[in-house]
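# Got a sequence here, can you model it:
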Amino acid sequence: MTDEDKAELRRLRWKSRRGMRELDQLFGRYLDRLWWKDPPASRGVFLRLLDCEDDKLWHWFMGHDTPADAELAALVHRIRALPPAE
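Purely as a prediction, here's the structure:
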């Protein structure tokens, strides 16, 4: 991981803080495990996800609703599928 990637990751950690423990943990898992491996296009989808309203994110990640945008829906599914840290 480059120094630019590390700086971007720190910025994203701050931006992904929502004040809801569940969302914070889900976003943290993605950033810890997948973000650095994802191509730039997938990273862009994550940025779009962070721009969504918290109530929508909550419903999507709790499985009560699905994003209309297929790319967002796929990323939400990937993040939800990540197992908790051991």
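# give me phi/psi at residue 83?
With angles defined as degrees, to the nearest 10, residue 83 sits at phi -70, psi 150.
# what about it, how many neighbours?
7 (other C-beta atoms under 10 Å). In this view, the C-beta of every residue, glycine as well, is placed from N, C-alpha and C.
# Pick out the residue nearest the middle of this protein.
Taking C-alpha atoms, centre = their mean as the criterion, residue 27 is the residue nearest the geometric centre of the chain, at 4.3 Å.
# and that residue, how far is that from residue 3?
22 Å (C-beta to C-beta, to the nearest Å).
# what do you get for residue 67?
Separation of residue 67 from residue 3 (C-beta to C-beta) stands at 33 Å.
# The two: which is more packed in?
Under the criterion of other C-beta under 10 Å, the comparison of residue 67 against residue 3 puts residue 67 first, with 19 against 7.
# Where does the more buried one sit: helix, strand or coil?
coil (DSSP: H, G, I helix; E, B strand; the rest coil).
# Who are the contact partners of it?
The contact partners of residue 67, taken as C-beta atoms under 8 Å, 6 or more residues apart in numbering, are 52, 56, 60, 73, 76.
# if we go to 10 Å?
By C-beta atoms under 10 Å, 6 or more residues apart in numbering, the contact list for residue 67 reads 48-49, 52, 56-57, 59-60, 73-77.
# Show me the helices in this protein, by range?
Listed from the start of the chain, the chain has helices (DSSP state H) covering 3-15, 21-33, 40-50, 54-61, 70-81.
# Perfect, that will be all.
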